[in-house]
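>>> This is the structure alone, sequence omitted:
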């Protein structure tokens with residue numbers, strides 16, 4: 001099934017690249033930035049946050065699941081449910097939110113306030129994964145939040161590389177239950193299988209090396225070329241997946257997610273927050289910024305992977321930078337800027353020193 005950006009928001013300008021359109025958006029950002037954080041109200045109705053407990057799911061959650069894999073440089077392979085198969089089996093899946101059927105009917109990757117794109121793995125996620133691989137980032141002992149996680153690849157990588165805790169959050173409960181949790185379980189199984197094989201062969205972990213670059217390949221793709229379907233994953237007893245004990249899963253909008261976790265004692269603080277392709281809508285900037293502000297550890301880092309501009313919605317990096325600058329809480333630095341096509345970027349946010357001490 002072919003999907004496209006078909007945002008159901010009114011166009012803000014007939015010339016998205018022109019100065020007039022940018023000025024209109026910039027003025028809206030400046031107005032929003034002047035409002036106090038506690039008075040911030042989301043543009044859409046609140047979607048109540050809740051926590052999802054994977055160990056309460058039946059053991060056959062992954063029965064006959066078809067996966068594909070991505071390998072980036074020396075990083076361990078990351079496995080996730082095949083998008084095409086996922087779409088074709090939408091009618092067979094539990095979906096109280098009806099996002100699977102509605103996205104198919106409207107042929108849209110986003111329905112504002114209903115579905116926020118979590119069923120796709122977006123391009124900028126791969127950009128951030130490549131940057132992590134290039135910098136040799138490790139996560140030993142760190143608490144990580146994958147915010148707007150979708151398939152959860154960023155959080156899964158942190159889990160594989162030694163994070164102490166990884167929390168996954170997405171707007172839609174269907175995405176968490178039908179995609180994120182299964183993907184984490186698939187990769188937990190893979191880790192266990194590798195450990196078992198290494199023990200048998202007398203090999204240690206981390207011995208396999210891949211060529212540099214981002215690749216979707218391996219046996220899955222070879223089977224497809226030969227006319228055979230990709231291999232199916234079968235779940236084992238979830239209670240035997242030790243990495244799952246390090247994970248928590250949440251759905252809901254950022255306002256209610258923040259309120260939910262702030263009730264905990266102690267309140268979680270994250271050493272690293274990953275968020276990919278979440279700044280496409282300027283209306284969401286206040287709640288996103290507040291969530292980052294309240295949940296980031298004093299010396300923590302927020303990695304944002306994004307495009308320069310999202311046509312049809314109006315958000316993008318330049319406007320987000322303006323918003324962050326107006327608030328005066330974070331500094332923002334560019335880590336990577338793509339030059340080809342619709343420009344993509346990876347930036348990092350950290351507290352300004354005077355703010356971090358408060």
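The structure has been received and is ready for your questions. Only a predicted model underlies this, so the values are computations on that prediction, with no experimental measurement involved. Numbering: from 1, shown residues only.
>>> Endpoints of stretch 171-180, how far apart?
In stretch 171-180, first residue to last residue: 12 Å (C-alpha to C-alpha, to the nearest Å).
>>> Can you tell me what sits against it?
47, 50, 52, 57, 80-81, 86, 93-97, 99-100, 115-116, 118-119, 148-152, 168, 170, 249-253 (C-beta atoms under 8 Å, 6 or more residues apart in numbering). Quick note: C-beta positions are derived from backbone N, CA and C, even for glycine.
>>> where do the helices sit along the stretch 1-150 of the chain?
Under the criterion DSSP state H, counting those that start in this stretch, the stretch 1-150 of the chain contains helices at 19-34, 83-88, 99-106, 123-135.
>>> Lowest average confidence across the ones you listed, which one?
Across the helices of the stretch 1-150 of the chain, helix 19-34 has the smallest mean pLDDT, namely a mean of 52.
>>> Show me which strand runs longest in the chain.
strand 296-307 (DSSP state E).
>>> The helix or strand just after that strand: which residues count as buried?
Later in the chain than strand 296-307, the nearest helix or strand by DSSP states H and E is helix 317-327. Within helix 317-327, the residues scored as buried using 16 or more other C-beta atoms under 10 Å are 317, 319, 320, 321, 322, 323, 324, 326, 327.
>>> Where does pLDDT dip in the protein?
Applying pLDDT under 70 to the chain flags the ranges 1-45, 55-64, 87, 90-91, 101-111, 113-118, 190-240, 354-358.
>>> Let's see that with 80 instead.
The chain contains residues with pLDDT under 80 at 1-45, 54-65, 83-119, 137, 189-242, 312-313, 340-342, 353-358.
>>> quick one on the thing from earlier: just the ones in strands from the contacts of stretch 171-180, please.
Per DSSP E, the contacts of stretch 171-180 map to strands at 50, 52, 80, 81, 168, 170, 249, 250, 251.
>>> so who does the nearest residue to the fifth one once chain neighbours are set aside touch?
Translated: residue 168. Leaving aside its sequence neighbours, residue 168 sits nearest to residue 149 (C-beta to C-beta, 6 or more residues apart in numbering; 4.4 Å). Each residue near residue 149 by C-beta under 8 Å, 6+ apart is listed here: 118, 155, 168, 169, 170, 176, 180.
>>> The closest residue to residue 122 other than its chain neighbours: how many residues sit nearby?
Of all residues not flanking residue 122 in the chain, residue 277 sits nearest, at 4.3 Å (C-beta to C-beta, 6+ apart). Neighbours of residue 277 under the rule other C-beta atoms under 10 Å: 23.
>>> and residue 338, what is it in contact with?
127, 344, 345.
>>> Then residue 250?
Residue 250 is in contact with 49, 50, 51, 52, 167, 168, 169, 170, 176, 257, 260, 261, counting by C-beta under 8 Å, 6+ apart.
>>> which among those residues end up buried?
Using 16+ other C-beta under 10 Å, the buried members of those are 49, 52, 167, 168, 169, 170, 176, 257, 260, 261.
>>> The last one looks like it's in a strand, true?
So that's residue 261. No. Under DSSP: H, G, I helix; E, B strand; the rest coil, residue 261 falls outside any strand and is assigned helix.
>>> And for it, nearest residue in space, chain neighbours not counted?
Closest to residue 261 by C-beta to C-beta, 6+ apart is residue 268, at 5.6 Å.
>>> what are the pairing partners of the longest strand of the chain, and which direction each?
strand 270-276 (parallel), strand 344-351 (antiparallel) (DSSP bridges).
>>> is it true that residue 80 touches residue 153?
Yes. Counting by C-beta atoms under 8 Å, residue 153 is a contact partner of residue 80 at 6.5 Å.
>>> hey, what's in contact with both of those two?
70, 121, 183.
>>> CSV for the residues you listed, including neighbour count?
Formatted as CSV, the shared contacts of residue 80 and residue 153 follow (neighbours: other C-beta atoms under 10 Å):
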residue, neighbour count
70, 20
121, 22
183, 26
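>>> Name the nearest of the residues you listed relative to residue 142.
residue 183 (20.3 Å; C-beta to C-beta).
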